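1. Next comes the sequence, and after it the predicted model I'd like to discuss.
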There are 2 protein chains.
Amino acid sequence: MLIINNRKDLQKWRLEQDNKTVGFVPTMGYLHEGHMSLVKSAKKSTELVVVSIFVNPLQFGANEDLNNYPKNLENDITICKSHGVDVIFTPNTNEIYSNGYPPKTKVNVELLGNHLCGAKRNGHFDGVCTVVTKLFNLVKPHKAFFGQKDIQQLRIIETMVKELNMPIDIIPCPTQRTHDGLALSSRNSYLSVAEERSALIVPKVLNHLVSLIKKGETDTNTLITDGISLISKTPNAKADYLEIVDYNTLQPVHTINGKIIIATAVFIGNTRLIDNIIWSD
Amino acid sequence: MLIINNRKDLQKWRLEQDNKTVGFVPTMGYLHEGHMSLVKSAKKSTELVVVSIFVNPLQFGANEDLNNYPKNLENDITICKSHGVDVIFTPNTNEIYSNGYPPKTKVNVELLGNHLCGAKRNGHFDGVCTVVTKLFNLVKPHKAFFGQKDIQQLRIIETMVKELNMPIDIIPCPTQRTHDGLALSSRNSYLSVAEERSALIVPKVLNHLVSLIKKGETDTNTLITDGISLISKTPNAKADYLEIVDYNTLQPVHTINGKIIIATAVFIGNTRLIDNIIWSD
């Protein structure tokens, strides 16, 4: 396994592998089984797998956890090696934003980013799309793998790739969960033991809403009010948002109809966790 | 010469030419010797030359000349053929914006677009960069050729390519002029005979400012006031802007120092013409 920290070496390596199919898993590190499920998908369908580890400042807001974002490069390397990753690309900020920070060029997706996390994290998805575009142009993968846990990110990147005609297949991968149902996330490491128990409300509220829909509830206002109330009764928990949006437009729907996403962000203490369920009638 | 009007055929052609170097000249059609100077540069340095003809609605403002923009595809085809162009790509709006219009994804360059034409044409350069990114991803050229007449566009695209790590060389080509000095532009076709005479003020005012700089004038306020006064004395002419900006940042400078751009947009009757001179002391 190669560990590369600059664009030049990455591009040189990529040129040497010109005849091979390349799968790409972009990450912010502190890797867990969620990431490794993306790597496993990549291993199955491409000859070489590149994992990038880059905590992208452009997608963090001023009051967010950029400086505290968990890191453990040594462990990340061990996990990647054991899963047969071919290259870890781990550049620093100057290497990625070599023409100055903030960059003058951004990829802007505000039309898909005005709800869910996008409404709460101003500029977040522009930051994501900008760095993903840069990484795509450096790694030149045939396929790139994204988790459904970050559903708005996935849908935005699928749209970006389609609308900008990027020659890359985006492969969605199912959310990985603990046996209790909590979605795997690097940010789970922030939780105390008590908070970990409280965090189970996140998948629970989503499953609860699905069960109400199955019973015939179609009014999204009723569903959301019910869900928010459930979250507010949980110790340490505060809903940041709970929304039901159309799968394609990511805009709120009033009535359950067609393919929708039920998505939530919940503060458990100071830790903000996200989760979602895709539902289709 | 092939004439292709859809993405699928273009991508198929491109795949068949995988071993050849490809030069790309994106245009809005109504081709003239200015465009052909880009084609000549492309012919010299790449094996195959693609010219795109697409009047991109995303880069036109609500009150601009989108619907009147001059068209003559038959003549464009003749000119391209006679200059040895290999492919004309001439898609319609639905083909380029197949995922809906306006697109949800844009390339945003506001930090370089807040002066000169960018200040006057809100969203113009986002529109340019978005369509150029799409075309780059479809054509996959090794080199792309842009005229220095549209200097802000050139500098923004150079920056975009650098910052987004696009694997393309941007080749700047000098402004082509009539024997009177008027920069060639498709919009010159809007001018009456009298207006054509008035239009000569555009290159004249730029040359006048350069001569003042050569004589030792370094205060850009003085230079701009002098230039605006010259334009205002010309029949049919009204300055839209006259600015002196740093070559790299495209931000106004107070004193002539290093590499700068003197750029102007002037309304001649209803026709808006742009021109510029790059100056370095």
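-> Alright, I've got the coordinates. Numbering: from 1, shown residues only, chains lettered A, B, ... in the order given.

2. And the one helix or strand A:Val202 maps to, what's buried?
-> In this structure, A:Val202 is located in helix A:201-214 according to DSSP states H and E. Buried residues in helix A:201-214, counted by 16 or more other Cβ atoms under 10 Å in any protein chain shown: A:201-206, A:208-209, A:212-213. No exception for glycine: its C-beta is placed from N, CA and C like everyone else's.

3. ok, now stretch A:95-112?
-> Applying 16+ other Cβ under 10 Å to stretch A:95-112 flags A:96-97, A:103-109, A:111-112 as buried.

4. Among these, which lie within helices?
-> A:Ile96 (DSSP state H).

5. least confident pick among the buried residues of stretch A:95-112?
-> Taken together, the buried residues of stretch A:95-112 show their lowest pLDDT at A:Leu111, with 81.

6. now that we're looking at it, which residues does it contact?
-> Counting by Cβ atoms under 8 Å, 6 or more residues apart in numbering or on different chains, A:Leu111 makes contact with B:102, B:104.

7. And A:Ile53, by the same measure?
-> Taking Cβ under 8 Å, 6+ apart, one finds A:27-29, A:31, A:73, A:76, A:88-90 in contact with A:Ile53.

8. Go again with 10 Å.
-> By Cβ atoms under 10 Å, 6 or more residues apart in numbering or on different chains, the contact list for A:Ile53 reads A:3, A:5, A:25-31, A:35, A:71, A:73, A:76-77, A:80, A:88-91.

9. Excluding chain neighbours, what is closest to it?
-> Here the nearest residue to A:Ile53 in space, its sequence neighbours aside, is A:Gly29; by Cβ to Cβ, 6 or more residues apart in numbering or on different chains that works out to 4.0 Å.

10. Against A:Pro70, how distant is the one you found?
-> Counting by Cβ to Cβ, to the nearest Å, the gap from A:Gly29 to A:Pro70 is 8 Å.

11. which residues are common contacts for the two?
-> A:55, A:186.

12. Show me where chain A has its strands.
-> A:2-4, A:22-27, A:48-53, A:87-89, A:106-108, A:143-147, A:169-173, A:237-246, A:259-268, A:271-280 (DSSP state E).

13. How far does stretch A:142-157 stretch from one end to the other?
-> 15 Å (Cα to Cα, to the nearest Å).

14. and if you look at stretch A:166-183?
-> 30 Å.

15. can that stretch be found next to chain B?
-> Yes. Part of stretch A:166-183 sits near chain B under the criterion Cβ under 10 Å from any Cβ of the partner chain, namely A:166-168.

16. Quick one, which of these are buried?
-> Counted by 16+ other Cβ under 10 Å, these give A:166, A:168 as buried.

17. Which one of the residues of stretch A:166-183 next to chain B is nearest to chain B?
-> Chain B lies nearest to A:Met166 out of the residues of stretch A:166-183 next to chain B, by Cβ to the nearest Cβ, at 5.4 Å.

18. Look at that closest one and report its pLDDT.
-> In this model, A:Met166 carries a pLDDT of 98.

19. mind listing what the residue nearest the centre of chain A touches?
-> For chain A, the residue sitting closest to the mean C-alpha position, by Cα atoms, centre = their mean, is A:Asp150 at 3.4 Å. Shown in contact with A:Asp150 (Cβ under 10 Å, 6+ apart): A:34, A:117, A:128, A:156-157, A:175, A:183, A:185, A:274-276.

20. sorry, back to before: any idea how far the helix holding A:Val202 is from the middle of the chain?
-> Averaging C-alpha positions (Cα atoms, centre = their mean, to the nearest Å) puts helix A:201-214 21 Å from its chain's average.

21. other SSEs contacting it?
-> helix A:220-232, strand A:237-246, strand A:259-268, strand A:271-280 (3 or more Cβ pairs under 10 Å, 6 or more residues apart in numbering or on different chains; DSSP states H and E).

22. For B:Thr234, which of the strands of chain A is the nearest?
-> The closest of these to B:Thr234 is strand A:106-108. By Cβ to Cβ, the value is 39.3 Å.

23. which other helices and strands contact the closest one?
-> Strand A:106-108 packs on helix A:124-139, helix A:151-163, strand B:106-108, helix B:124-139, going by 3+ Cβ pairs under 10 Å, 6+ apart.

24. Which residues outside it are in contact with it?
-> By Cβ under 10 Å, 6+ apart, the surrounding residues in contact with strand A:106-108 are A:58, A:123, A:125-134, A:156-157, A:160, A:164, B:104-111, B:126, B:129-130, B:133, B:160, B:163-164.

25. give me the number of residues near A:Ser192?
-> 12 (other Cβ atoms under 10 Å in any protein chain shown).

26. So what's the residue count around the residue nearest to it when sequence neighbours are not counted?
-> Among residues not flanking A:Ser192 along the chain, A:Gly269 sits closest, at 7.1 Å (Cβ to Cβ, 6+ apart). By other Cβ under 10 Å, 16 other residues sit near A:Gly269.

27. looking at it, A:Phe89 is touching A:Val50, isn't it?
-> Yes. Assessed by Cβ atoms under 10 Å, A:Phe89 is found in contact with A:Val50 at 6.0 Å.

28. Lowest-confidence member of the contacts of A:Asp150, which is it?
-> Out of the contacts of A:Asp150, that is A:Cys117, at 92.

29. In contact with A:Val266, which residues?
-> A:Val266 neighbours (Cβ under 10 Å, 6+ apart): A:198-199, A:201-202, A:205, A:228, A:231, A:234, A:236-242, A:272-275.
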